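Trainee: whatever this is, show me its structure:
(one chain, ligands or ions: 1)
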Amino acid sequence: MSITDCTLSRRTFLSNSALLVASSCTNPNPPFGSNHDHDTIQTVSGLIEPQEADFVLPHEHVLVDFIGAKKASKSRYDVDQAFGRILPYLREAKSSGIQTIAECTPAYLGRDVQLLSRLASASDINFITNTGYYAARNGLYLPEHAFNETAMQLANRWIREARYGIDGTQILPGFIKIAVGNAPLLAIDKKIVEAAIITHKETGLAIITHIGAGKITAPRANAGLEILKIIKRENMPGERFVWAHAHATVYQSALRQAADSGVNLAFEGLTSEEAATRNAKLVARLYSQHFGKQLLISNDGGWYHVGKPDGGKFKPYTNLIKWLLPKLTAEGLNDKQIKQLTHINPKQIFSI
Ligand SMILES: [Zn+2]
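Mentor: The predicted structure is shown next:
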């Protein structure tokens, strides 16, 4: 049985969405889905035309705090200090041709949309932020209410963010970011996936899911395959789902099964040139199997760590350009095929 029998089209939702969200929301001018009649991308600075996204990094981070949901707070860092540390890396990205970054840090893990807004203005990079929760690592990054509420109640929180704004601002998410632990999925993992699907059905936002965590083993792949079953059961279009960290999946057969099901596969983890070599081979192979329209590439870079001196070691956003793109060319991809990965595919993911 379906978790929601919602059959409203996304456009219908955009005009009727107040039916679902709590009536306590009082923003007089909700900016979400402001009756636009064509696809747009929601950034922290407002809606942009999809072509304005240009070169997109679909999975990066700015600031992260791994202290856990109970203690995570903006009072744990000096935002001006973080801003000053992060900005040069964004300027470097911008001067390398990167125009848009999807920031994949969920709430209770360091998501700071006001910082993103400041960084967007200062760097002239479009930032896309997210709604959703991170259920991996035994729920350490989940607020108490995630355990007590139903999938529908959690979805309503996220839909409210998509309609009225995040953390008291009018900044809206441009996608749903969740994370699950290793297989077998726990009840809390499944609930977070179901909440994301409800939110997707009501908002049109795509879902990016961190698949598994920890050791790279077969169960890591199976967590993704378990999610594919839920997606199928709920009739969610695979093209709106992103299997993040596909590069870490050991079994090629799992990736092939995922690609066959129509979902998108994201390859990141560019912490070394060797990682880029491996990703280039994986991406080129799937491209040659006619899955080019379902592949995403990013660094999974950034990571100003709250609690470490000066934010610790920051991973630049340009490894993809420096390492991965030349290796994709060496693997036989032409410029048009590479642009499919850097421009066309992410543009479609984030268009609503
Ligand atoms: Zn990430």
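Trainee: got the residues of the stretch 51-200 of the chain near the ion?
Mentor: Residues of the stretch 51-200 of the chain found near the ion (C-beta under 5 Å from the ion) are Cys104. (C-beta placed from N, C-alpha, C; glycine too.)
Trainee: ok, the closest residue to the ion within the stretch 51-200 of the chain - contacts?
Mentor: Proximity of the stretch 51-200 of the chain to the ion (C-beta to the ion) peaks at Cys104, 4.7 Å away. By C-beta atoms under 8 Å, 6 or more residues apart in numbering, the residues touching Cys104 are 59-61, 130, 177, 208, 210, 244, 300.
Trainee: which two among those are spaced furthest apart?
Mentor: The distance between the two most remote of these (C-beta to C-beta) is 14.3 Å, for Asn130 and Asp300.
Trainee: show me where the chain has strands.
Mentor: Shown for the chain, the strands assigned by DSSP state E span residues 41-43, 46-48, 56-60, 63-64, 100-103, 126-128, 130-131, 175-180, 207-211, 241-244, 264-267, 295-297, 304-305.
Trainee: reformat these as CSV; add mean neighbour count, distance to Ile166 and mean pLDDT.
Mentor: Shown next, in CSV, are the strands of the chain (neighbours: other C-beta atoms under 10 Å; distance: least, C-beta to C-beta, whole Å; pLDDT from 0 to 100):
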stretch, mean neighbour count, distance to Ile166, mean pLDDT
strand 41-43, 25, 11, 98
strand 46-48, 17, 14, 97
strand 56-60, 27, 18, 98
strand 63-64, 23, 15, 98
strand 100-103, 28, 12, 98
strand 126-128, 25, 12, 98
strand 130-131, 26, 7, 98
strand 175-180, 27, 12, 97
strand 207-211, 26, 16, 95
strand 241-244, 28, 20, 97
strand 264-267, 27, 23, 97
strand 295-297, 24, 24, 98
strand 304-305, 22, 19, 98
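Trainee: for Gly224, which of those strands is the nearest?
Mentor: Gly224 lies closest, by C-beta to C-beta, to one member of the strands of the chain: strand 207-211, at 4.3 Å.
Trainee: and that closest one, which strands flank it?
Mentor: Strand 207-211 pairs in its sheet with strand 175-180 (parallel), strand 241-244 (parallel), by DSSP bridges.
Trainee: lowest average confidence, helix or strand, in this protein?
Mentor: When the helices and strands of the chain are scored by mean pLDDT, DSSP states H and E, helix 10-16 comes last with a mean of 41.
Trainee: for the stretch 201-350 of the chain, which residue gets nearest to the ion?
Mentor: For the stretch 201-350 of the chain, C-beta to the ion, closest residue to the ion: Asp300, 4.4 Å.
Trainee: nearest residue to that residue other than its sequence neighbours?
Mentor: Glu268 (3.6 Å; C-beta to C-beta, 6 or more residues apart in numbering).
Trainee: kindly report the same for Leu341.
Mentor: Leu341 sits nearest to Ile297 (C-beta to C-beta, 6+ apart), 5.1 Å away.
Trainee: distance of the one you found from Cys104?
Mentor: 14 Å (C-beta to C-beta, to the nearest Å).
Trainee: quick check: residues of the stretch 251-352 of the chain near the ion?
Mentor: Residues of the stretch 251-352 of the chain lying close to the ion (C-beta under 5 Å from the ion) are Asp300.
Trainee: quick one, helices of the stretch 251-352 of the chain?
Mentor: In the stretch 251-352 of the chain, the helices defined using DSSP state H, counting those that start in this stretch lie at 252-261, 273-286, 319, 325-330, 335-339, 345-350.
Trainee: adding mean neighbour count, write these out as a markdown table.
Mentor: Putting those into a markdown table (neighbours: other C-beta atoms under 10 Å) gives the following:
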| stretch | mean neighbour count |
| --- | --- |
| helix 252-261 | 17 |
| helix 273-286 | 19 |
| helix 319 | 20 |
| helix 325-330 | 16 |
| helix 335-339 | 13 |
| helix 345-350 | 23 |
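Trainee: as JSON lines, those helices with mean pLDDT would be great.
Mentor: JSON lines is the format used below for the helices of the stretch 251-352 of the chain (pLDDT from 0 to 100):
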{"stretch": "helix 252-261", "mean pLDDT": "90"}
{"stretch": "helix 273-286", "mean pLDDT": "97"}
{"stretch": "helix 319", "mean pLDDT": "98"}
{"stretch": "helix 325-330", "mean pLDDT": "98"}
{"stretch": "helix 335-339", "mean pLDDT": "98"}
{"stretch": "helix 345-350", "mean pLDDT": "98"}
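Trainee: to Ser73, which of those lies closest?
Mentor: helix 345-350 (28.9 Å).
Trainee: give me the contact list for the closest one.
Mentor: Applying C-beta under 8 Å, 6+ apart, the contact partners of helix 345-350 are 41-42, 50-51, 53, 56-58, 100, 102, 128, 174-175, 206, 208, 239-240, 242, 264, 293-296.
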